[in-house]
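Undergrad: next comes the sequence, and after it the predicted model I'd like to discuss.
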Amino acid sequence: MNTHPSPDLISRYATGDTDVDEATLWAMEAHLETCADCRDHVTAAIDPGTQDLLARVAEGVSAGIATGPAPAGPRRRLRRTGVAARVLPWLATAGLLIGAAVIFERLFPEMPSLVLLLAPVVPLLPVAAAWSRRTDPAWELVASMPRTGLQLLLRRTLSVLAAVIPALALAAWGTGHSPALWLLPCLAFTAGTLALGGLFGIDRAAIGLTIAWSAAVVVPSMVTARLPALLSGGSWPVWAVLTALLVGLVLVRGADHRRFGAGKG
């Protein structure tokens, strides 16, 4: 929401009008975080009875804080919980797969590059783990945040890529592969997972693409001992265009991820 909301929208928001759609509510709440004037307008639009109730609740909370025990001091050691605890095992698995691919390629140089074959799908399962209501104990809390949706999904995805891409780069450098042949497929499949995730869920999209790529490309390549044309030296422009298109689709369909963040997917 680049402009201030209309007085009518402020009034409907303040009175809890259920006809206001989720996308508008999300944009409204995000705007209120940074606009004190609009927060004042919302406060003024609340009926007096509700304002009195809020004032009494605020007084009670303040009194409880003033008479309650002092807050506990900071803990010296923090337990690993939440997103990090769920993603780290998958990142470790991805690192082990990359390492195994390098060893395989050194031991069997006549076989197609396992590093290139695995690069497109290595980050998919860690991305799914970072955005799954099935494994996140704080999902309902996260889903209630105004900025839940594409912005949070992209932040978590970039965190995963920041861990996976250096490992892939090191593996590709050690085996002598061009960055375009592993980086672009990696980014394309990650963007494809986000695009399909808006329709089916990130975890389903990641698993589906991993299985499809493995069955259609990895296994046949290992059986025939030939690297597919999809990963040849002249294929990188196709991967670049595909990545750009999928990233654009993710941005255009960003509201789909807000729907899943709200717990409807």
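TA: Arrived safely, thanks for sending.
Undergrad: can you pull up the most central residue in the protein?
TA: Nearest to the geometric centre of the chain sits residue 153, at 2.4 Å (C-alpha atoms, centre = their mean).
Undergrad: the helix or strand residue 58 falls within: how far from the chain's middle?
TA: Residue 58 is part of helix 48-67 when elements are defined by DSSP states H and E. Relative to its chain's centre, helix 48-67 lies at 37 Å (C-alpha atoms, centre = their mean, to the nearest Å).
Undergrad: if we can go back for a sec, my read: the residue nearest to the centre of the chain touches residue 131, true?
TA: Yes - contact criterion C-beta atoms under 8 Å: residue 153 and residue 131 qualify, at 5.6 Å. Quick note: C-beta positions are derived from backbone N, CA and C, even for glycine.
Undergrad: joint contacts of those two?
TA: Taking C-beta atoms under 8 Å, 6 or more residues apart in numbering as the criterion, residue 153 and residue 131 both touch 197, 202.
Undergrad: domain parsing for the chain?
TA: Listed domain ranges for the chain are 7-65, 82-261 (source: automatic domain parsing).
Undergrad: re the thing from before, after the helix or strand containing the residue nearest to the centre of the chain, heading C-terminal, what element do we hit next?
TA: Element membership for residue 153 (DSSP H and E) is helix 150-175. Using DSSP H and E, the helix or strand that follows helix 150-175 in sequence is helix 179-200.
Undergrad: how far off centre is the helix or strand that that following helix is followed by?
TA: Downstream of helix 179-200, the first helix or strand assigned by DSSP H and E is helix 202-213. Distance, stretch centre to chain centre, for helix 202-213: 15 Å (C-alpha atoms, centre = their mean).
Undergrad: what mean pLDDT does helix 202-213 get?
TA: Averaged across helix 202-213, pLDDT comes to 92.
Undergrad: next one: stretch 5-24
TA: Across stretch 5-24, pLDDT averages out at 82.
Undergrad: what does stretch 55-66 give?
TA: Mean pLDDT, stretch 55-66: 81.
Undergrad: now stretch 227-240
TA: Mean pLDDT, computed over stretch 227-240, is 89.
Undergrad: please apply the same query to stretch 161-173.
TA: 93.
Undergrad: now it - C-alpha only, CSV.
TA: Output in CSV follows, covering the C-alpha atoms of stretch 161-173 (Å, rounded to 0.1, in the frame of the first residue of the first chain):
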residue,chain,number,x,y,z
LEU,A,161,20.6,-20.6,-1.0
ALA,A,162,23.3,-18.6,0.9
ALA,A,163,24.3,-21.9,2.6
VAL,A,164,23.9,-24.2,-0.4
ILE,A,165,25.4,-22.2,-3.2
PRO,A,166,28.9,-21.8,-1.7
ALA,A,167,29.1,-25.6,-1.3
LEU,A,168,28.0,-26.1,-4.9
ALA,A,169,30.5,-23.5,-6.0
LEU,A,170,33.3,-25.3,-4.2
ALA,A,171,32.2,-28.7,-5.7
ALA,A,172,32.0,-27.3,-9.2
TRP,A,173,35.3,-25.5,-8.9
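Undergrad: now do the buried residues in that stretch.
TA: Buried residues in stretch 161-173, counted by 16 or more other C-beta atoms under 10 Å: 161, 163, 164, 165, 167, 168, 171, 172.
Undergrad: ok, back up a step: tell me the most buried of the domains of the chain?
TA: Of all the domains of the chain, domain 82-261 carries the top mean neighbour count, a mean of 17, counting by mean count of other C-beta atoms under 10 Å.
Undergrad: and that one, how far from the chain's centre?
TA: Relative to the centre of its chain, domain 82-261 is centred 12 Å away, using C-alpha atoms, centre = their mean.
Undergrad: which other helices and strands contact the helix holding residue 153?
TA: The contact analysis (3 or more C-beta pairs under 8 Å, 6 or more residues apart in numbering; DSSP states H and E) places helix 150-175 against helix 82-107, helix 114-118, helix 124-130, helix 179-200, helix 255-261.
Undergrad: switch to 10 Å and redo it
TA: Helices and strands touching helix 150-175, by 3 or more C-beta pairs under 10 Å, 6 or more residues apart in numbering; DSSP states H and E, are helix 82-107, helix 114-118, helix 124-130, helix 179-200, helix 202-213, helix 236-252, helix 255-261.
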